[in-house]
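In: next come a sequence and a model predicted from it.
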Protein chains: 2
Amino acid sequence: MAKELKDLTKRADNYSQWYNDLVIKADLAEPSAVRGCMVIKPYGYAIWEKMQHELDRMFKETGHQNAYFPLLIPKSFLSKEADHVEGFAKECAVVTHYRLKNGGEGKGVVVDPEARLEEELIIRPTSETIIWNTYRNWIQSYRDLPILINQWANVLRWEMRTRLFLRTAEFLWQEGHTAHATAEEALEEATKMLNVYATFAEKYMAMPVVKGVKSANERFAGAVETFTIEAMMQDGKALQSGTSHFLGQNFAKAFDVTFINKENKPELVWATSWGVSTRLMGALIMIHSDDNGLVLPPHLAPIQTVIVPIYKNDEQRAAIDKAVDPIIDQLRGLGISVKYDNADNRRPGFKFADYELKGVPVRLAIGARDLENGTVELMRRDTLEKSVVPLEGIAHHVKDLLEEIQQNIYDKALKHRQEMTRTVETYDEFKEEIEKGGFILAHWDGTPETEEKVKEETKATIRCIPLEGDKTPGKCMVTGRPSKQRVIFARNY
Amino acid sequence: MAKELKDLTKRADNYSQWYNDLVIKADLAEPSAVRGCMVIKPYGYAIWEKMQHELDRMFKETGHQNAYFPLLIPKSFLSKEADHVEGFAKECAVVTHYRLKNGGEGKGVVVDPEARLEEELIIRPTSETIIWNTYRNWIQSYRDLPILINQWANVLRWEMRTRLFLRTAEFLWQEGHTAHATAEEALEEATKMLNVYATFAEKYMAMPVVKGVKSANERFAGAVETFTIEAMMQDGKALQSGTSHFLGQNFAKAFDVTFINKENKPELVWATSWGVSTRLMGALIMIHSDDNGLVLPPHLAPIQTVIVPIYKNDEQRAAIDKAVDPIIDQLRGLGISVKYDNADNRRPGFKFADYELKGVPVRLAIGARDLENGTVELMRRDTLEKSVVPLEGIAHHVKDLLEEIQQNIYDKALKHRQEMTRTVETYDEFKEEIEKGGFILAHWDGTPETEEKVKEETKATIRCIPLEGDKTPGKCMVTGRPSKQRVIFARNY
């Protein structure tokens, strides 16, 4: 572990390599034998499970139920919504056969040519099509609405360039799919879920986000409006962390889903969809961690506190074991997850470096002298500060400290974002500022052409049109045409 | 709902149709547009989530961690273990291409012939191969062992005849995959997880099971020994409800996974795998339910108690609402999930039939007269018995009753199994008895040939060689050759 830590690239040397190193060395995930697909290792999966747990609770509290729809989608379904097929057909894994057979001498198994499917099936890149095909039979009247369903699932998009968590061919996510009687209600739902995502990001991930609307260029394929939460990573690049789509009646039209309204007239159903994925793991890792390893927000850390005994002989160890027992109980009693690592095969220094690498928020070290003095050495992972604190009342102290750390890393990330967010007036100024990273607030004329030009010339895109903050109109920095409000430009993941 | 209930086939008329009807009418699942794949509806998924929750807790309490491995497996991996490929190649969905393109005028999208994969990928039918290919890099020395990992995932087997929950092409499951330094330890693990499954089945599903070993014919493809839990359905047929495999060194050999043992010598790693799936939903539905609908064990019921107000006017309704409020709080305070259904658009009779169909264990109905008398009408779903009980102390009464119902349906299922389990001595006797259904305990000479002959002639297979109970040797009912102990024959799902 000490060796592994030593090999961790420094952020200042190569931020991108630092991230890749960290994912591997902190045992979060690794590439698999299948191109672009990852293995999520137990420690990484434990963090994802904590995310799932909180999100799932929040979805249920807002009236949603979970369900499960098929992995495979008939190819023809994809074609039914014109924009959707444009967006997703290019990156689909296609199932063409349903059987293998023995290839004869040394050839292993081969695809059985006789087992060709009449219609090819694609592995879901997202489930709007199969779900709206199903909803058609579930919805007759306004009394059947709303339908508020979420699905936890794996999806697959054949990405050409992949990176662990940030962009993988297969990834895990949740996708909400709701059906409503009115446009207003659907819009309200899309906004509500955007707020759920923002709350989750801020309260659990300690990640400040900007809520906004996507420009047409960045909109989900098939959506009328895409809402997004955008976060800023330590290198100043933006990471789209969750999206919520108002789909209008597009999928209802494509799949012929109508309902009889209160006036007894048939009408197309209104839709939303919204999702976050294991990409959030990438954001979580990137936004807080440092050159010593992960920094995890206490609200999502699988181990919130680790206790390491420091001893010279079995007698000392036994005495420490005994003293630590009630502390573990007290911590657990306060709902804190604790690991007591008294394993004999690794030295304390090794353990310290390992738990720093793994981002455990609070470390307690107890030696023989501490026992005498009734104290314990405490290290907080966010600042790496050490202090000696009384054993008496330690559990409550740790509980308070965990909340303090949660707040501190949020504040730090927010301060960083604020410092890296600037306002520019001219396109020249923009070109200069974008090179320094961060969010640039600038006026834009609202056209895809201007956005495209900026992207080509600077690699920056519009991350969102912010929902909150200054709404003063102005003139587009590129064309001088009228602009309704400033939008956020950034380079992004 | 009343209409739907009326249409439910009676068990005595057609057990199989009763099951199919019930799955649909109780809103548990439905067929999808993709052959053999189902949609699990919110109510069905809520039951599955409760199963997952308890199983996941039990896995973690026995030292396991969750992880996630890729959905897709390179075709060549499947060939590496000889028995495994025999067992699974025939029913694989094969991905051959990774892109679609526009087919031109009215053709929709077509598979892009230029996007053909060099090596085809199969959708996992089970994950031993991809996981053992991964473990190779995780294991160097005995210090890296054991590895105790579980995965919650979807898998796909191209079954020809499918039935909702019982046998679907895609299904949800968990698969444990563990690696050990010794055969003894791996065997102990396989047995431990068999016991976890048996405990789960009995304590949560209220489903008595027989623990046993599979005969060679019924063994998992690639296993040295397969352990199983077998349950008996109401029609006397067996349902294999969970399996735990001792894989020996077969997958370590196939994927070259060795470790340096304590004597500093390289050795192949020992393995287990174990799984239960959404098939358990089928078992749960079949074992307890009746002609009125589902009967759910309280420990897995999404709604444990429903309260229905009976009123003639708004004033009465308001008075009942007010009286019910503290009861809901008390019930929730005892950890009981409650639904108060005071919706105005359905009559009480409708609601009663619906909650019976849905298997809610306890129903409370409160009318104006009840309020005066301080009573409530209670119906328990398992026996359909009604009683009038005091409102005072109702929460504790319900809590006790839920445990009583849980025990009662278990006892009922056990009694049924005991009554339908018979011992036979001769093959003639066997042929007569097997027609009546149930488990037949008979002597068998231990050969696949004899088992095959019995299967062909009677459609019965050996469900398991029981681990517990009478172990007296005897003579095979078919060949007269020596038999070590009686085994269980049955027809099965």
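Out: Yep, that arrived.
In: for chain B, what's the nearest residue on the stretch 101-250 of chain A?
Out: In the stretch 101-250 of chain A, the residue that lies nearest chain B is residue A:108 (3.8 Å; CB to the nearest CB). Glycine gets a C-beta too; all of them are placed from N, C-alpha and C.
In: gap between that residue and residue B:156?
Out: To residue B:156, residue A:108 is 21 Å away according to CB to CB, to the nearest Å.
In: which residues of the stretch 351-493 of chain A fall in strands?
Out: A:362-367, A:375-380, A:386-390, A:421-423, A:439-443, A:461-466, A:474-475, A:482-483, A:486-490 (DSSP state E, counting those that start in this stretch).
In: same check, this time on the stretch 201-350 of chain A
Out: Ranges of strands in the stretch 201-350 of chain A, per DSSP E, counting those that start in this stretch, are A:210-213, A:225-232, A:238-248, A:258-260, A:266-268, A:270-277, A:305-310, A:338-340.
In: just put those in CSV and tack on mean neighbour count.
Out: Listed next are the strands of the stretch 201-350 of chain A as CSV, based on neighbours: other CB atoms under 10 Å in any protein chain shown:
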stretch, mean neighbour count
strand A:210-213, 21
strand A:225-232, 26
strand A:238-248, 25
strand A:258-260, 17
strand A:266-268, 14
strand A:270-277, 26
strand A:305-310, 24
strand A:338-340, 18
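In: now these as a markdown table including distance to residue B:242 and mean pLDDT?
Out: Below are the strands of the stretch 201-350 of chain A laid out as a markdown table (distance: least, CB to CB, whole Å; pLDDT from 0 to 100):
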| stretch | distance to residue B:242 | mean pLDDT |
| --- | --- | --- |
| strand A:210-213 | 46 | 98 |
| strand A:225-232 | 41 | 98 |
| strand A:238-248 | 37 | 98 |
| strand A:258-260 | 42 | 98 |
| strand A:266-268 | 45 | 98 |
| strand A:270-277 | 31 | 98 |
| strand A:305-310 | 35 | 98 |
| strand A:338-340 | 31 | 98 |
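In: can you report how many residues neighbour residue A:81?
Out: Other residues within reach of residue A:81, judged by other CB atoms under 10 Å in any protein chain shown, total 22.
In: biggest helix in chain A by residues?
Out: As assigned by DSSP state H, the longest helix anywhere in chain A is helix A:394-419.
In: what's the closest of the strands of the stretch 351-493 of chain A to chain B?
Out: strand A:362-367 (21.4 Å).
In: chain center to that closest one, what's the gap?
Out: In terms of CA atoms, centre = their mean, to the nearest Å, the centre of strand A:362-367 is set 31 Å apart from its chain centre.
In: any idea of the mean pLDDT in that strand?
Out: Averaged over strand A:362-367, pLDDT sits at 98.
In: so the residue of chain A most remote from its centre is in which element?
Out: Centroid-distance maximum for chain A: residue A:105 at 47.7 Å, with CA atoms, centre = their mean. Under DSSP states H and E, no helix or strand contains residue A:105.
In: quick one: pLDDT of the residue nearest in space to the middle of chain A?
Out: Compute the mean C-alpha point of chain A, and by CA atoms, centre = their mean the closest residue is residue A:280, 1.4 Å away. pLDDT, residue A:280: 98.
In: how about residue A:83?
Out: Listed pLDDT for residue A:83 reads 83.
In: okay, it and chain B: tell me how far apart.
Out: Distance from residue A:83 to chain B, counting by CB to the nearest CB, to the nearest Å: 13 Å.
In: quick one: that residue and residue A:250, what's the gap?
Out: Distance, residue A:83 to residue A:250, using CB to CB: 7 Å.
In: between the two, who's got more neighbours?
Out: residue A:250 (24 against 14).
In: wait, the more buried one touches residue A:271, no?
Out: Yes - between residue A:250 and residue A:271 there is a contact under CB atoms under 8 Å: 7.4 Å.
In: for the record, mean pLDDT for stretch A:34-48?
Out: Stretch A:34-48 shows a mean pLDDT of 97.
In: give me the buried positions along that stretch.
Out: Across stretch A:34-48, burial judged by 16 or more other CB atoms under 10 Å in any protein chain shown covers A:34-48.
In: which ones among those residues map onto strands?
Out: Among the buried residues of stretch A:34-48, the members found in strands (DSSP state E) are A:38-40.
In: quick check, nearest of those residues to chain B?
Out: Of those, the one sitting nearest to chain B (CB to the nearest CB) turns out to be residue A:40, at 4.0 Å.
In: excluding its backbone neighbours, what's nearest that closest one?
Out: residue B:68 (4.0 Å; CB to CB, 6 or more residues apart in numbering or on different chains).
In: please enumerate the helices of the stretch 1-150 of chain A.
Out: Secondary structure of the stretch 1-150 of chain A, counting by DSSP state H, counting those that start in this stretch: helices at A:2-6, A:15-25, A:42-61, A:75-78, A:82-88, A:128-138.
In: out of those, which one sits most buried?
Out: Counting by mean count of other CB atoms under 10 Å in any protein chain shown, helix A:128-138 has the highest mean neighbour count of the helices of the stretch 1-150 of chain A, with a mean of 23.
In: ok now that one, how far from the chain's centre?
Out: Centroid displacement of helix A:128-138 relative to its chain, using CA atoms, centre = their mean, is 27 Å.
In: ok, back up a step: quick check: the residue nearest to residue A:40 touching residue A:37?
Out: No - contact criterion CB under 8 Å: residue B:68 and residue A:37 do not qualify, at 10.1 Å.
In: how many other residues sit next to residue A:183?
Out: By other CB under 10 Å, 13 other residues sit near residue A:183.
In: again with residue A:214
Out: Per other CB under 10 Å, the neighbour tally for residue A:214 reads 22.
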